[in-house]
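Q: Show me how the following folds:
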Amino acid sequence: MELSSQIAWLFILAIPIACIAWTVTHEEIFKEPREYCVKCSHKAKTMASRKFFYLFTCEYCFSHYITAIMLIITGYKLLLDDWRGYLIGGFALVFVANVYMSLFGLIRVDLRKERIEAEIEEARKKGG
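A: Model prediction:
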């Protein structure tokens with residue numbers, strides 16, 4: 001595959017990785033399973049169990065596993081056509097996906113701040 005195609009794949013394939021990792025580790029739809037995993041990651045008896053449950057609560061950790069699955073599904077390789085291409089591609093995908101999640105997190109914080117400020121302003125108008 002041409003380098004320009006590999007780069008395009010990198011930035012496009014990182015989108016579903018970021019989406020899946022963010023949704024599982026942050027969104028309301030997975031709240032109950034995530035809370036269970038948080039509890040188990042703190043109270044499990046073995047270190048392996050604690051680490052297993054922790055991976056479902058950390059978007060960075062979880063993105064590595066989603067990336068591995070996507071590499072298996074797509075066969076994506078970056079720069080080299082052997083196993084090293086999978087390794088380079090995998091870490092590059094994790095990096096880009098986490099940049100996407102960081103940007104999304106910043107946007108959400110900013111939107112939440114604007115919503116709270118609008119609610120405060122609305123309350124002032126009603127109260128004053």
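Q: hey, where'd the strands end up in the chain?
A: With DSSP state E as the definition, the chain shows no strands.
Q: counting contacts, what elements does the helix or strand of it with the lowest mean pLDDT pack onto?
A: Here the helix or strand of the chain ranked lowest by mean pLDDT, DSSP states H and E is helix 83-127, holding a mean of 90. Helix 83-127 sits against helix 3-26, helix 59-74, with contacts defined as 3 or more Cβ pairs under 8 Å, 6 or more residues apart in numbering; DSSP states H and E. In short, each C-beta sits where N, CA and C put it, glycine included.
Q: Can you give me the neighbour number for the residue nearest to Glu59 when sequence neighbours are not counted?
A: Using Cβ to Cβ, 6 or more residues apart in numbering and skipping the chain neighbours, the partner closest in space to Glu59 is Thr25 (4.3 Å). Counted with other Cβ atoms under 10 Å, the neighbours of Thr25 add up to 20.
Q: What separation is there between Thr25 and Arg124?
A: Distance, Thr25 to Arg124, by Cβ to Cβ, to the nearest Å: 36 Å.
Q: Buried residues, stretch 34-43. List them.
A: 34, 37, 40-41 (16 or more other Cβ atoms under 10 Å).
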